[in-house]
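Participant: What follows is a predicted protein model with its sequence.
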Amino acid sequence: ELCQQEALESQYELHQTIGSGGFAKVKAATHLLTGQKVAIKIMDKKQLGDDLPRIYQEIEAMKLLSHQHICRLYQVLETSSRIYMVLEYCPGGELFDYIVERDRLEEEEARVFFHQIVSAVAYIHKMGYAHRDLKPENLLLDDDQCLKLIDFGLCANPDGGLAQQLATCCGSPAYAAPELVSGRHYLGSETDIWSLGVLLYALLCGFLPFDDENLGTLYRKIQLGQYEEPDWLSSGSRSILRAMLQVDPRRRITVHQLQAHPWLSAGTPLHIKPAVGRDPQREGVDEAIITTMAVSGGRSRVAVREAVERWAYDHTTATYLILHHRKHCTPAQGGAFGAARCL
Ligand SMILES: CN(C)C[C@H]1CC[C@H](N2C(=O)NCc3cnc4ccc(-c5cc(Cl)c(O)c(Cl)c5)cc4c32)CC1
């Protein structure tokens, strides 16, 4: 009990509260051993009540999901009253604010961002999950103007029960798919594609395709699936939007077809480097990092390697992941196409 609290204070220096996500408080912090800035999501168990299982589900999902456009979980600490999630820090804030500041994005910039979001969602679906709360508020910019998907509190594990489905409908209605707002059974992967359509529309237009302050009216607009196409939209963007905003989920484009859509692969050829060294848990441990940790911790390399390979999401996991991220994902500074630098 106290040891977890003391561990937190000995391993991290907590700074100011930087935001809140529903029932969680998010503080900036420094991982003392590496000096790396992190975000710590703090949840009060009592406040969570019967939402507690969702948090454990979010934690299990984030332990599995390792992708360049998904916010990385480094460590989990738990006391009798609180759960702490140590996360990758994203200094650029929400994509939502980025759009609002610019009214709307040029097609080229929207394409770069959307390409990153689609690659993250394709990965999540491949891992058997659905995010189920895709919206610009849940996409953060890192220090390289690259997007990081956050908040897996509503993500579905393969057998998401009815309780899950009810929980989701109180997600964000403007991004919810017709089958979801109609209370019909739905596939999380299909509703994610609808939300991606609403998201891309918001990027390109600066407002929502379906909007109304009356919830019932909003649901009817979503179920009708009719939306304005401002005259600045190119034919390519109109086509990809229509493919995602199909009311009938059986006619809706899949994430794989989306990745092959000409609108996404057109424009500046994005030399996205292959995601080298992206999944530390699946590739062998990096011996150089093990050595660094052994030397700095005064422990044998064998002991460190065993501790890392346990993937306990303790301080050792956090230290290894932070050093691994620094080594493999810190792009060379400079260069014109910031986004192309994202792995
Ligand atoms: C839907 N919105 C309101 C939610 C807000 C929550 C706070 C966010 N935030 C800041 O306010 N300041 C800066 C900042 C910097 N790095 C962050 C890293 C991770 C997370 C994070 C990650 C996960 Cl996985 C998660 O579940 C949650 Cl809730 C947060 C938030 C960060 C952050 C912005 C979006």
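Facilitator: Yep, that arrived. Residues are numbered from 1 along each chain as shown.
Participant: Phe152: what secondary structure?
Facilitator: Here Phe152 is recorded as coil under DSSP: H, G, I helix; E, B strand; the rest coil.
Participant: which ones are touching it?
Facilitator: Gln57, Glu58, Ala61, Met62, Leu65, Tyr129, His131 (CB atoms under 8 Å, 6 or more residues apart in numbering). For every residue, glycine as well, the C-beta is placed using N, CA and C.
Participant: For PyMOL, write a command that selects the buried ones of these.
Facilitator: Filtering the contacts of Phe152 down to the buried ones (16 or more other CB atoms under 10 Å) takes a single PyMOL command:
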select buried, resi 57+58+61+62+65+129+131
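Participant: Could you dump the contacts of Phe152 into TSV and include pLDDT and distance to the ligand?
Facilitator: Formatted as TSV, the contacts of Phe152 follow (pLDDT from 0 to 100; distance: CB to the nearest ligand atom, whole Å):
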residue	pLDDT	distance to the ligand
Gln57	87	12
Glu58	91	7
Ala61	93	10
Met62	95	6
Leu65	94	10
Tyr129	92	13
His131	92	11
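Participant: quick one: buried residues of stretch 223-242?
Facilitator: Buried positions in stretch 223-242, judged by neighbour count with 16+ other CB under 10 Å: Gly225, Tyr227, Leu233, Gly236, Ser237, Ile240, Leu241.
Participant: residue in the stretch 1-150 of the chain nearest to the ligand?
Facilitator: The stretch 1-150 of the chain approaches the ligand most closely through Gly19 (2.0 Å), counting by CB to the nearest ligand atom.
Participant: Buried residues of stretch 73-93, list them for me.
Facilitator: For stretch 73-93, a neighbour-count test (16+ other CB under 10 Å) marks 73-78, 82-90, 92 as buried.
Participant: same for the ligand: which of the residues you listed are within range?
Facilitator: Filtering the buried residues of stretch 73-93 for neighbours of the ligand using CB under 6 Å from any ligand atom leaves Leu87, Tyr89, Cys90.
Participant: Helices - which of the residues you listed land there?
Facilitator: Among those, DSSP state H puts none in helices.
Participant: which one of the buried residues of stretch 73-93 is nearest Pro280?
Facilitator: Distance to Pro280 across the buried residues of stretch 73-93 (CB to CB) is lowest for Tyr74, with 11.1 Å.
Participant: my guess is that closest one contacts Ile322, does it?
Facilitator: Yes: using CB atoms under 8 Å, Tyr74 is in contact with Ile322, at 6.4 Å.
Participant: shared neighbours of the two, which are they?
Facilitator: Common neighbours of Tyr74 and Ile322 (CB under 8 Å, 6+ apart) are His31, Val38.
Participant: residue contacts, Ala110?
Facilitator: Leu200, Leu203, Leu204, Ser237.
Participant: which parts of the strand or helix carrying it are buried?
Facilitator: Take DSSP states H and E as the rule and Ala110 turns out to sit in helix 107-126. Burial within helix 107-126, assessed by neighbour count using 16+ other CB under 10 Å, is assigned to 107, 109-125.
Participant: now the helix or strand just after that helix, how far from the chain's geometric center?
Facilitator: Using DSSP H and E, the helix or strand that follows helix 107-126 in sequence is strand 139-141. Distance, stretch centre to chain centre, for strand 139-141: 8 Å (CA atoms, centre = their mean, to the nearest Å).
Participant: And stretch 246-263, by the same measure?
Facilitator: Worked out by CA atoms, centre = their mean, stretch 246-263 lies 21 Å from the chain centre.
Participant: try stretch 85-105
Facilitator: 12 Å.
Participant: Tyr74 should be in a helix, yeah?
Facilitator: No: Tyr74: not assigned to a helix; according to three-state DSSP it is strand.
Participant: Skip the chain neighbours and tell me the closest residue to it.
Facilitator: Among residues not flanking Tyr74 along the chain, Ala318 sits closest, at 3.9 Å (CB to CB, 6 or more residues apart in numbering).
Participant: Am I right that the residue of the stretch 1-150 of the chain closest to the ligand is in a helix?
Facilitator: No: checked against three-state DSSP, Gly19 lies outside a helix; its state is strand.
Participant: Give me the distance between Phe114 and Lys327.
Facilitator: Distance, Phe114 to Lys327, using CB to CB, to the nearest Å: 29 Å.
Participant: swap that for Ala120, sorry
Facilitator: Separation of Ala120 from Lys327 (CB to CB): 22 Å.
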